[in-house]
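> The following comprises the amino acid sequence and a computationally predicted model.
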Amino acid sequence: MKFVPVEYAYRQKFEHIFQFFSNGLLFIDEEGIVLEMNAQMEEILQIDKNKVIGFHAVKLLDLFVNSYKSNKAFIAKLIEFGEAEFDTEIRTFSGELKYLHVKVSKQEDANIYLAEVHDESEKMLMKKRLNHTESLSTIGQLAASIAHEIRNPMTSLKGFTQLLQQTTNEDGKRYLAVINDEIKRMEEILTEFLEVSKPTTNKFDYFDVKELVLEVANFMAPQALMKNIEIIISLKAESKFKFLGDRNLIKQVFMNSIKNAIEAMPKGGNIHINISYIEMKAICIEIRDQGEGIEADKLDKIFDPFFTTKSGGTGLGLSHSSQVIESHGGTIEVVSEVEVGTSFKFILPLQKEI
């Protein structure tokens, strides 16, 4: 494909600013062909500029804007006013999620368009962490005030239903069974609620994460088989390094993840658990299902307290998992596609046992 260079005088005028500007910059001609991009833009998009220069900018616009309707509105505004901007989140060419502010303006003296892209990922992630921390703090205060008030009447209700079971008829027993089930459900919700909100008092010790994952998988296997689901484990490497953390808390995280995978597959299928090591500095546990998947607009909310995609969910399980993994210096990566499945990657740091 023939490359049309930016007009010499214009390029000379802005060459120094273009190459050393802190934001990503991109030159596009009137026909929409990418003429040039600076090093910052290459870093933001995580792609070699030679794979973009000479191609139509729609290739990039498809990354920036999520729908055909939005694309048309953006282009229409740019043509009418000579300038347009928007905030967006994208998956870069290497798959990383980033939050960007994009501004495109027409440079009348050179008949080209200049796109300026500011990477606001760090700011957005800090804001999400702050909102998450504030939410957990609010939950903690609320939980402390209501836990006692709920526990006591629930205990009384359980006692009376057990007494009534001994004297009631068959219809009454069926009704009491429903009441008991609902009480158990309330207890489960309250337990999860308190688990998320209580201050973390981790009991750290060295343990083998691989062995823990195998233990959890074996424990969950019967439940999976009842749903016509097979758990398949792949270990890509061995390591003499161990993980320093609270074994019980990490165990809860893996149990919750496999439980979610099972619930996401009502028609059965396979759950793949892949265990790999990253330069012997970290261990990656991927739990991937073949379930219903999570819609893109909901994916960034799944770790928020009380947000759930399940009709009977509390929205606290993943919030607690996120809290535990972060407190251990780890990260969680999620990729999902509707009707294909969801992958959770738990990345935890390793070190030699002292």
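The structure has been received and is ready for your questions.

> only C-alpha atoms for contact and neighbour calcs from this point on.
OK.

> For the residue of the chain most remote from its centre, pull up the helix or strand it's in.
With distances taken from the mean C-alpha point of the chain and given as C-alpha atoms, centre = their mean, the most distant residue is Thr167, at 51.3 Å. Under DSSP states H and E, no helix or strand contains Thr167.

> so how far is Lys173 from it?
Distance from Thr167 to Lys173, counting by C-alpha to C-alpha, to the nearest Å: 9 Å.

> returning to what we had before: just read off the phi/psi values of the residue farthest from the centre of the chain.
Dihedral pair for Thr167: phi -120, psi -10, per degrees, to the nearest 10.

> so what's it up against?
By C-alpha atoms under 8 Å, 6 or more residues apart in numbering, the contact list for Thr167 is empty.

> Find me the pLDDT at it, would you?
Per-residue pLDDT puts Thr167 at 84.

> Could you do Gly341 as well?
In this model, Gly341 is scored at 92, pLDDT.

> Which residues does it form beta bridges with?
Taking DSSP bridges as the rule, Gly341 bridges to Glu337.

> With the one 4 residues further on instead?
Taking DSSP bridges, one obtains Glu286, Glu333 as the residues bridged to Lys345.

> okay, now it: neighbour count?
Residues lying near Lys345 (other C-alpha atoms under 10 Å) number 19.

> In contact with it, which residues are there?
284-287, 332-334.

> Ile273 too?
Counted by C-alpha under 8 Å, 6+ apart, Ile273 has contacts 231-234, 285-288.

> For these, work out which two are farthest apart.
Greatest spacing in the contacts of Ile273, by C-alpha to C-alpha: Ile231 and Ile285 (13.8 Å).

> re the thing from before, among the contacts of Lys345, which ones are buried?
Neighbour-count burial (16 or more other C-alpha atoms under 10 Å) is assigned, among the contacts of Lys345, to 284-287, 332, 334.

> Dump the residues you listed into TSV; add distance to Ala261 and pLDDT as well.
TSV is the format used below for those (distance: C-alpha to C-alpha, whole Å; pLDDT from 0 to 100):
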residue	distance to Ala261	pLDDT
Cys284	17	92
Ile285	14	93
Glu286	12	95
Ile287	8	95
Ile332	15	92
Val334	13	92
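
> for this structure, what helix or strand is lowest in average pLDDT?
The helix or strand of the chain with the poorest confidence is helix 8-20; it has a mean of 59 (mean pLDDT, DSSP states H and E).

> Could you look up the next helix or strand downstream of it?
strand 24-29.

> mind giving me the domain ranges of this protein?
The chain breaks down by automatic domain parsing into domains covering 8-119, 124-197, 205-349.

> can you give me the helices for the stretch 251-354 of the chain?
With DSSP state H, counting those that start in this stretch as the criterion, the stretch 251-354 of the chain has helices at 296-299, 317-327.

> which one of those has the most crowded surroundings?
Mean neighbours per residue, mean count of other C-alpha atoms under 10 Å, is largest over these for helix 317-327, with a mean of 20.

> Against which helices or strands is it packed?
Packing partners of helix 317-327 (3 or more C-alpha pairs under 8 Å, 6 or more residues apart in numbering; DSSP states H and E): helix 170-197, helix 247-263, strand 331-337.

> Would you mind finding the most buried of these?
By mean count of other C-alpha under 10 Å, these have helix 247-263 as the most buried, with a mean of 19.

> what's the angle from it to helix 317-327?
Compare the direction of helix 247-263 with that of helix 317-327 by axes from the mean of the first three to the mean of the last three C-alpha atoms, to 10 degrees and you get 140 degrees.

> helices or strands up against helix 247-263?
If you count contacts as 3+ C-alpha pairs under 8 Å, 6+ apart, helix 247-263 packs onto helix 209-226, strand 282-288, helix 317-327.

> Where among the domains of the chain is average confidence lowest?
domain 124-197 (a mean of 72).

> Contacts only, for Leu235.
Listed by C-alpha under 8 Å, 6+ apart, the contact set of Leu235 reads 274-276.

> For those residues, which entry has the maximal number of neighbours?
Ile275 (22 neighbours).

> ok, that residue touching Val209?
No. Applying C-alpha atoms under 8 Å, one finds Ile275 not in contact with Val209, separated by 9.3 Å.

> residues in contact with the nearest residue to Glu339 once chain neighbours are set aside?
Nearest non-adjacent residue to Glu339, counting by C-alpha to C-alpha, 6 or more residues apart in numbering: Glu292, 4.6 Å away. Going by C-alpha under 8 Å, 6+ apart, Glu292 touches 264-265, 338-342.

> What does the closest residue to Asp208 other than its chain neighbours show for phi and psi?
Leaving aside its sequence neighbours, Asp208 sits nearest to Lys242 (C-alpha to C-alpha, 6+ apart; 5.2 Å). Per-residue torsions, Lys242: phi -120, psi 170 (degrees, to the nearest 10).

> my read is Lys103 is in a helix, agree?
No. Assessed with DSSP: H, G, I helix; E, B strand; the rest coil, Lys103 is strand; it does not lie in a helix.

> you'd agree it is up against Glu116?
Yes. When contacts are counted by C-alpha under 8 Å, Lys103 is listed as touching Glu116 (5.2 Å).

> what are the bridge partners for Leu100, then?
Assessed by DSSP bridges, Leu100 has beta-bridge partners Thr88, Asp119.

> Tell me if I'm right that it and Arg91 touch.
No. Between Leu100 and Arg91 there is no contact under C-alpha under 8 Å: 10.7 Å.

> Comparing those two, which shows the higher neighbour count?
More crowded of Leu100 and Arg91, by other C-alpha under 10 Å: Leu100, with 19 against 13.

> Sweet, I'm off.
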